[in-house]
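> I'd like to go over a predicted model; first the sequence, then the structure.
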Amino acid sequence: MHEISIVTSLLSLVEEELAKRQLQKLLVVRVRHGALANIVPDAMSFAFEALTLGGPFEGARLELEEEPVVLRCSCGASFNPEQKRELLFAPCPACGATWGHTVETGRELYLQHIEAE
Ligand SMILES: [Zn+2]
């Protein structure tokens, strides 16, 4: 379960942020992840709960926001594929090509927002 290591690095990032802003109590962490980042939301929530239990961040809430995938076709058009399966081979709405697309967004994983006091 690679979510454990993702949440571990997420929490050390959060710790740094809180120290910088001299805040103690973490309330909410919002993470934005691309649809191609291979995140299983349930596994993330589970890892977050397990890793914060008994620590200074216990009781904080993890919010996950999925970022839709945007592909760019070799013809220059960028589009949002509808289906989730085989989405890299989704036909381009402009020229119909089903291959040669590059991923513009959809692979990222980042800390978007922290609420603390
Ligand atoms: Zn195209």
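Thanks, I have it.
> Up against the ion, what does the protein have?
Cys73, Cys75, Ala77, Cys92, Ala94, Cys95, Ala97 (CB under 5 Å from the ion). For every residue, glycine as well, the C-beta is placed using N, CA and C.
> Since PyMOL is what I'm using, could you give me a select command covering the residues you listed, but only where they're buried?
The following PyMOL line selects those of the residues of the chain next to the ion that are buried, judged by 16 or more other CB atoms under 10 Å:
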select buried, resi 73+92
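> Could you provide the residues of the chain next to the ion in CSV, with additional columns for pLDDT and secondary structure?
Formatted as CSV, the residues of the chain next to the ion follow (pLDDT from 0 to 100; DSSP: H, G, I helix; E, B strand; the rest coil):
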residue, pLDDT, secondary structure
Cys73, 95, coil
Cys75, 97, coil
Ala77, 97, coil
Cys92, 94, coil
Ala94, 96, coil
Cys95, 97, coil
Ala97, 94, coil
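> As JSON lines, the residues of the chain next to the ion with distance to Arg21 would be great.
Putting those into JSON lines (distance: CB to CB, whole Å) gives the following:
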{"residue": "Cys73", "distance to Arg21": "43"}
{"residue": "Cys75", "distance to Arg21": "46"}
{"residue": "Ala77", "distance to Arg21": "42"}
{"residue": "Cys92", "distance to Arg21": "45"}
{"residue": "Ala94", "distance to Arg21": "46"}
{"residue": "Cys95", "distance to Arg21": "49"}
{"residue": "Ala97", "distance to Arg21": "48"}
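> Hmm, Cys95 is touching His101, no?
No - taking CB atoms under 8 Å as the definition, Cys95 is not a contact partner of His101, at 10.9 Å.
> Now the common contact residues for the two.
Jointly contacting Cys95 and His101 under the rule CB atoms under 8 Å, 6 or more residues apart in numbering are Cys73.
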